[in-house]
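Asks: Sequence first, predicted model second:
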Amino acid sequence: MSGLLHGGRAVDRALARAGDLVAMAENVAFVMAELGHIELPPSAPVDAAQLRGVASLYLASTLEAAGIIQAVEDLTRLARAGGLNRELGAAAALLDAFWDTRADRPTSAERVAMFTRLFGTPPGPTDVEAGENGVFEELLLDLCDAIIAASDSQSSRTPSRVRPAALALAENLAQVAGSMTLLLAREVLDALGQSLAILNHPLVKNALMARTMWDAVAALDRRLNRPRRQTLVHLRRGKAGMTVIAWLAELVPTLGEIARVEVSPDSPVIDAAVDWLDETLELMNAESTPVPPQPRPAAAPARDDWARLGD
C-alpha cells in the first residue's frame, strides 16, 4: 500500500496492463492482416482486439482527467520559459525529449476529441465536430450493475441481464471505435509513460516541492490556478473500467452463441464492477460539492489517502 507514496506504482501497473492489452490487440490485428479479408459472422458485434485497445484508452481517458499529460506539458513550458526556480539536472533531458516528440503524439484537443467520441465524458469541453458518445456511461453502468446482480444470484433460473447489457455496450463501442483505435492507444500510452517518468523523477518532485507525483500534479495546478482534481478517484475508476471492458473483449466472440453469461463468484470483473460504480458515485458527489481553494504549503506533505489505492 505504500507504493503510491514512492512513485505511483499503481499507475505503473495499470499502464503495464493497458500496454499488454494493446500488444494483444496488435498481434491479433497483424495475424488478421496476413490472412487477408475474412467475413466475420454477424454474431460478433465488435472485434475483440479492437475492444482491448478501447479498454486501454478508457484508462488513458481517466488519467487525462487526472491531469497527468497536461501537468508535464505545463511543466515543459515553464521550464523552457525559465519559470522554475530550481535546476532539473538529469531530468531536463526527459523534458527535452518530451518537447522534441510533441508532434508525434495527439495534442490535448485531439485527445479530448477522441475521448469524447469514445466515452462521452471528456476532461474538458466537448468537441462538437467529433461527436459525443452520450450513452456510453449509462451502458457501462448497466453492465456493471448486471455483473454484480448475476454474482449475487444463486439460481440458474434467475434471468440474467449480463448478456443483453454486454451486447448493448459492445455494439455501442463498435460504432465509435474506428480503425485508428490501436494506433491512438499506443501513442497515448507512450505519452503517459513519458509523463510518469518525468513526474516521478526525484529532481522534478524536488523542484515542485512535492513528495509524490500526485503532489507534483497538484503543485502545477495550484501554480496555474486550476481547481483540485480527484486524482485517485479517476485512477481507481480507470483501472476498474479498463478491467470490465477487457473482460467484455474476451466475452465478445461467444456472445452470439450463448443464451446466458455466467459470472464466476471469484471473477475479478465483479470487484471491478463494484469499484467502477463506487468511484463514479464518489466523483459525482465531489463534482456537486464546491471545492475550497487549495492551500500553498511550503512543502507538499505525504498524504495518507494516497495509500488507499494499494494494489
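Replies: Alright, I've got the coordinates.
Asks: so what's residue 89 closest to, chain neighbours aside?
Replies: Take residue 89 and drop its neighbours on the chain: the residue closest to it by Cβ to Cβ, 6 or more residues apart in numbering is residue 203, 4.9 Å away. (Glycine included, C-beta is placed from N, CA and C.)
Asks: Sketch out the low-pLDDT regions of this protein for me.
Replies: Flagging of the chain using pLDDT under 70 yields the residue ranges 1-9, 15, 17, 19-46, 121-130, 153-159, 179-180, 182, 288-311.
Asks: Show me the residue at the heart of it, geometrically.
Replies: Centrality entry for the chain: nearest residue to the mean C-alpha point is residue 59, 1.4 Å, by Cα atoms, centre = their mean.
Asks: how near is that one to residue 255?
Replies: 23 Å (Cβ to Cβ, to the nearest Å).
Asks: neighbours of residue 131, just the number please.
Replies: For residue 131, the neighbour count with other Cβ atoms under 10 Å is 13.
Asks: quick revisit: what's near enough to touch the residue nearest to residue 89?
Replies: Neighbouring residues of residue 203 by Cβ atoms under 8 Å, 6 or more residues apart in numbering: 86, 87, 88, 89, 90, 91.
Asks: The third one: which element?
Replies: With secondary structure defined by DSSP states H and E, residue 88 is part of neither a helix nor a strand.
Asks: Tell me the secondary structure at the residue nearest to it when sequence neighbours are not counted.
Replies: Distances taken as Cβ to Cβ, 6+ apart place residue 203 nearest to residue 88, at 5.4 Å, with adjacent residues excluded. Here residue 203 is helix, with the state taken from DSSP: H, G, I helix; E, B strand; the rest coil.
Asks: Then residue 106?
Replies: coil.
Asks: residue contacts, it?
Replies: By Cβ under 8 Å, 6+ apart, the neighbours of residue 106 are 114, 184, 187, 188, 191.
Asks: nearest spatial neighbour of the fourth one, skipping sequence neighbours?
Replies: By that I understand residue 188. Leaving aside its sequence neighbours, residue 188 sits nearest to residue 60 (Cβ to Cβ, 6+ apart; 4.6 Å).
Asks: Residue 85 is in contact with residue 206, correct?
Replies: No - if you go by Cβ atoms under 8 Å, residue 206 and residue 85 don't touch, sitting 11.1 Å apart.
Asks: and those two? which has more neighbours close in?
Replies: residue 206 (16 against 6).
Asks: What distance do you get for the more buried one to residue 245?
Replies: 38 Å.
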